[in-house]
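Q: Sequence and predicted structure below; questions after.
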Amino acid sequence: MPASRTRARVARLPEVRRHLAAGWFAAAALAALTVAQLDLLARLIVAVIDGRAVAGLTAALAAATVARAALAGCREAVAGRTAARATAALRHRVLAAAQSLGPQWVAGRPTGELVALTDRGIDGLTPYLRDYLPQLALAAALPVAVLIRLCWADPASALVVAATLPLIPLFGALAGRQARSATRRQWRRLSVLSGHFLDTVLGLPTLRAFGRAGTHAVRLRTVADAHRHATMTALRVAFLTSLVLELVAALSLALLAVPIGLRLLAGDLDLRTALVVLLLAPEAYLPLRALGARFHAGAAGLAAAEDAFAVLDAAAPTVAPDRPDAGAAVPRPRPASTGPAGRPDAADVPAPRPAPTGRAARRRRVLVRCEDVTVRYPGRDEPALCGFDLTVEAGDRLVLTGPSGSGKSTVLALVLGFVRPARGRVLLDGLDLDSAGRAELAAWRARLGWLPQRPRLFAGTLAANVALGAPDVPEARIRRAIRAAALDEVVTGLPAGLHTVLGENGHGLSAGQRQRVALARALCRDAPLLLLDEPTARLDADTEAAVLAAATRLPADRTLLAVAHRPATIAAARPVPMPPVAELVEPRP
Ligand SMILES: Nc1ncnc2c1ncn2[C@@H]1O[C@H](COP(=O)(O)OP(=O)(O)OP(=O)(O)O)[C@@H](O)[C@H]1O
């Protein structure tokens, strides 16, 4: 994305746009006050030298100084608040976009990159919004105000300023190109370093067990060195740019001051005009020089903003399905006859259809239908699923079986709306996944309970982990889910029972216990459709039997779609064999 487009998109952020006009107005007022203040100062000096009364001029100068300082202070405070709001909102939007793109997309990105982006990356936008943008307005307004005043006081000096002033943005733009690529490189290196660091910390037990911690530390040092090198290059470019801009400004001022002195000595210029020119001219160069310095402070934030917008763009197709999906799987073009063209608003989200009654109830409701579905993951030649058909009716107890890699988890990802079919059709209680908008998918997911293959627990109490962010879930329901997940004995043995605080990712529990906490979480949702990916994979035979017994006691209106390899689990439901991996080759047209 070109830098100008990134800047335009940052300026269009609602939190920034709202204050942009006020910022320009404040800059214009500040420019007028600066000119008035220095003009008054020149007049005051001349009046003191001439021995005239200065009370009125002193009061006016004091008033202009106070007004300028107050306005500058307010402008800074507003810019700071705008920057804080805009970065918080952008971070929120990026996280929401990542959430809507789903775990497949997040898992497909380098570890730590999203963390670096939403943490330090977006924070880097603060100097751009708080310092650079207000300075840009001042750099446009103040030189114009100074030039107007100089034209009136001494046209010859105004001409020198007008001729030398453009040199600063010109040199700034030339150096800016270098600076941009240097800061972009620095940001890339930081992302890679964050990813490597997180990966190393998470994998430390494995690395130590294999005696490879030292090798990994060397790799980490190499990546850190690359980041240090990129940072030093960016700083060098910033320093040189400032030096060049300072030199240009100093030479321009010398070009202006020397003739002023000579004309003053020759008696061609009065003292007041000379003072006005000498006091005002530096003010024309100053904001442009400061702009150059602040450009560097904000450039890193702009590089991160580019990545943030890329995430938002990738999420856009899940909202507007008529655009190609940059996320998990490639959607097929929607035929003209299917689905609404537009994205439904939250208000348009269809309420869950009422359960059919009487004869209709006997024809069981189809919750999920996959028709000739093919799924492809980006960067993979072979499809993960090919020509797959499945019908799940309300009350069904199905278990997907098949060899590793045959696409069982992909079927669950389809039902969750995390991936979209490249070919074929997926109907989720009548909702065509291909044309489903974000709000419709959220409404559908609210009816699902999901146990992923590698569940994630959070730091907090066991009860909070089971209820997962819903503080109003009654404790009785949590206890019921814990019993159904065969976890009640474990809970009794914990120091504070249900309210025992767990560490990050369930630290303090065994792998099988974590699995059961996640199963209890899925069961606690009271969702009509349960998706369980290998619910008994890490359990001993007795615990597996207890979990399966609980599954068979599920109310008849709850539907179960599970994935399993273990014979006992497969035997507890109706098996749906997946096509063998060797058959996952699309027929040639
Ligand atoms: N995010 C992804 N990106 C690329 N390829 C993927 C991704 N997820 C799965 N695959 C590939 O898709 C195919 C099906 O994977 P899937 O996880 O659905 O299989 P599975 O039957 O659930 O396997 P297992 O029983 O081992 O869990 C595999 O070849 C896998 O390598």
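A: Arrived safely, thanks for sending. Numbering: from 1, shown residues only.
Q: So residue 391 belongs to a strand, correct?
A: Yes. With DSSP: H, G, I helix; E, B strand; the rest coil as the criterion, residue 391 is part of a strand.
Q: and it, what does it touch?
A: 366, 368, 369, 370 (C-beta atoms under 8 Å, 6 or more residues apart in numbering). Quick note: C-beta positions are derived from backbone N, CA and C, even for glycine.
Q: List, one by one, the residues from the stretch 351-500 of the chain near the ligand.
A: 377, 380, 384, 404, 405, 406, 407, 408, 409, 410, 453 (C-beta under 6 Å from any ligand atom).
Q: ok, and does stretch 102-116 reach over to the ligand?
A: Yes. Using C-beta under 6 Å from any ligand atom, we find that stretch 102-116 touches the ligand at 104, 107, 108.
Q: hang on, the earlier thing: ok, the contacts of residue 391 vs residue 468, which is closest?
A: Nearest to residue 468 among the contacts of residue 391, counting by C-beta to C-beta, is residue 368 at 23.0 Å.
Q: Need the pLDDT of that closest one.
A: pLDDT recorded at residue 368 is 93.
Q: Around it, count how many other residues there are.
A: 22 (other C-beta atoms under 10 Å).
Q: The helix or strand hosting it: which residues count as buried?
A: Assigned by DSSP states H and E, residue 368 falls within strand 366-375. Across strand 366-375, burial judged by 16 or more other C-beta atoms under 10 Å covers 367, 368, 369, 370, 373, 374, 375.
Q: what's the most distant pair in those residues?
A: Maximum distance among the buried residues of strand 366-375 (C-beta to C-beta): 21.3 Å, for 367 and 374.
Q: give me the low-pLDDT residue ranges for the stretch 151-300 of the chain?
A: Filtered on pLDDT under 70, the stretch 151-300 of the chain yields no residues whatsoever.
Q: And what about the residue nearest to residue 277 when sequence neighbours are not counted, helix, strand or coil?
A: For residue 277, ignoring the flanking residues on the chain, the nearest one in space by C-beta to C-beta, 6 or more residues apart in numbering is residue 157 at 4.6 Å. At residue 157 the chain is in helix, as set by three-state DSSP.
Q: Look up how far the ligand lies from residue 157.
A: 67 Å (C-beta to the nearest ligand atom, to the nearest Å).
Q: residues contacting that residue?
A: Contact analysis of residue 157 by C-beta under 8 Å, 6+ apart lists 150, 256, 259, 260, 277, 281.
Q: Just the closest of the buried residues of strand 366-375 to the ligand, please.
A: Closest to the ligand out of those is residue 375 (7.9 Å), distances taken as C-beta to the nearest ligand atom.
Q: what number of residues lie near the nearest residue to the closest one once chain neighbours are set aside?
A: Nearest non-adjacent residue to residue 375, counting by C-beta to C-beta, 6+ apart: residue 385, 4.4 Å away. Residues contacting residue 385 under the criterion other C-beta under 10 Å number 27.
Q: Adjust the sequence numbering to begin at 42 for everything that follows.
A: Okay, residue one is now 42; in that scheme the one you just asked about reads as residue 426.
Q: picking up where we left off before, list buried residues within the residues of stretch 143-157 next to the ligand.
A: So, by 16+ other C-beta under 10 Å, the buried ones in the residues of stretch 143-157 next to the ligand are residue 145.
Q: Tabulate the residues of stretch 143-157 next to the ligand in a markdown table, adding columns for secondary structure.
A: Formatted as a markdown table, the residues of stretch 143-157 next to the ligand follow (three-state DSSP):
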| residue | secondary structure |
| --- | --- |
| 145 | helix |
| 148 | helix |
| 149 | coil |
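Q: Nearest residue to the middle of this structure?
A: Central residue of the chain (C-alpha atoms, centre = their mean): residue 135, 2.6 Å from the mean position.
Q: Report all helices and strands that the helix or strand harbouring that residue contacts.
A: Counting by DSSP H and E, the element that carries residue 135 is helix 96-148. Identification of packing neighbours for helix 96-148 by 3 or more C-beta pairs under 8 Å, 6 or more residues apart in numbering; DSSP states H and E yields helix 55-91, helix 154-157, helix 163-164, helix 166-168, helix 174-194, helix 312-360.
Q: Those helices: lowest mean pLDDT?
A: helix 154-157 (a mean of 78).
Q: to the chain's geometric centre, what's the distance from that helix?
A: From the chain centre to the centre of helix 154-157 is a distance of 9 Å (C-alpha atoms, centre = their mean, to the nearest Å).
Q: Likewise for stretch 246-257?
A: 32 Å.
Q: Get me the contact residues on the stretch 42-191 of the chain for the ligand.
A: Counting by C-beta under 6 Å from any ligand atom, the stretch 42-191 of the chain sits next to the ligand at 145, 148, 149.
Q: So which of those is the closest to residue 258?
A: Among those, and counting by C-beta to C-beta, the member closest to residue 258 is residue 148, at 25.6 Å.
Q: ok, now which ones touch the closest one?
A: By C-beta under 8 Å, 6+ apart, residue 148 lies in contact with nothing.
Q: Next one, pLDDT for it please.
A: 73.
Q: same deal with residue 433?
A: At residue 433, pLDDT is 92.
Q: Same check on residue 510?
A: Residue 510 is given a pLDDT of 61.
Q: domain assignment for the chain?
A: For the chain, automatic domain parsing gives the domain ranges 44-360, 402-624.
Q: Check the offset of the last one from the chain's centre.
A: What it means is domain 402-624. Worked out by C-alpha atoms, centre = their mean, domain 402-624 lies 28 Å from the chain centre.
Q: repeat for stretch 49-64
A: Taking mean C-alpha positions (C-alpha atoms, centre = their mean), stretch 49-64 and its chain are 18 Å apart.
Q: who's in contact with that stretch?
A: Contacts for stretch 49-64 (C-beta under 8 Å, 6+ apart): 116, 119-120, 123, 126-127, 130-131, 166, 169-170, 174-175, 178, 343, 346, 350.
Q: Residue ranges in the stretch 342-491 of the chain under the pLDDT threshold?
A: For the stretch 342-491 of the chain, the ranges with pLDDT under 70 are 358-404.
Q: Identify the residue nearest residue 248 in space, chain neighbours excluded?
A: residue 254 (4.5 Å).
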